[in-house]
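Enquirer: Sequence first, then the predicted structure:
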Amino acid sequence: MIWVNLYRVIQCRGGSEEGGWHYDQGEPVDSIFCATGVEARLAASRLSDRAKALDANNGPGEYAWHSVRTQSTPPMPYPSTRPVYQ
């Protein structure tokens, strides 16, 4: 089982330790279930084109982009818990 997932990714501020740090937070936008690797490559190409089109609409200073991931699981927001500095 292969899912090709499109995520909207934003950069979140994690904290002020060591001059500040950030982490990526992804929200699912679209997903295509594929039965074969060939289908997955075609789906990834289609979603990559969509990601480029969506990113072209970003406003100035917007820290968001779209990412395509080929995964063995359905799309889930990430991270599942907010990271902490250790």
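Expert: Received the coordinates, thanks.

Enquirer: use CA for all of it now, contacts and neighbours both
Expert: OK.

Enquirer: can you pull out the helices in this structure?
Expert: Per DSSP state H, the chain carries helices over the ranges 37-55.

Enquirer: how about the strands in it?
Expert: 2-15, 21-34, 64-71 (DSSP state E).

Enquirer: Partner strands of the last one and their direction?
Expert: Right, strand 64-71. strand 2-15 (antiparallel) (DSSP bridges).

Enquirer: For Cys12, list the residues it contacts.
Expert: 22-25 (CA atoms under 8 Å, 6 or more residues apart in numbering).

Enquirer: coming back round to it: tell me which of the strands of the chain sits nearest to Ser80.
Expert: Among those, the nearest to Ser80 by CA to CA is strand 21-34 (9.3 Å).

Enquirer: now that closest one against strand 64-71, angle please.
Expert: Interaxial angle of strand 21-34 relative to strand 64-71 (axes from the mean of the first three to the mean of the last three CA atoms, to 10 degrees): 50 degrees.

Enquirer: Summarise which helices and strands strand 21-34 is packed against.
Expert: strand 2-15, helix 37-55 (3 or more CA pairs under 8 Å, 6 or more residues apart in numbering; DSSP states H and E).

Enquirer: Run through the bridge partners of Ile10.
Expert: Residues in beta-bridge contact with Ile10 (DSSP bridges): Gln25, Ala64.

Enquirer: Repeat that for Trp21.
Expert: Residues in beta-bridge contact with Trp21 (DSSP bridges): Gly15.

Enquirer: Next: the one 10 residues further on.
Expert: Going by DSSP bridges, Ser31 is paired in beta bridges with Asn5.

Enquirer: so what's it up against?
Expert: Neighbouring residues of Ser31 by CA under 8 Å, 6+ apart: 3-6, 74-75.

Enquirer: And these, which two are furthest apart?
Expert: It's Leu6 and Pro74 that sit farthest apart of the contacts of Ser31, by CA to CA, at 10.8 Å.

Enquirer: Pick out whichever of the two has more residues nearby.
Expert: More neighbours surround Leu6 than the other of Leu6 and Pro74, with 24 against 15 (other CA atoms under 10 Å).
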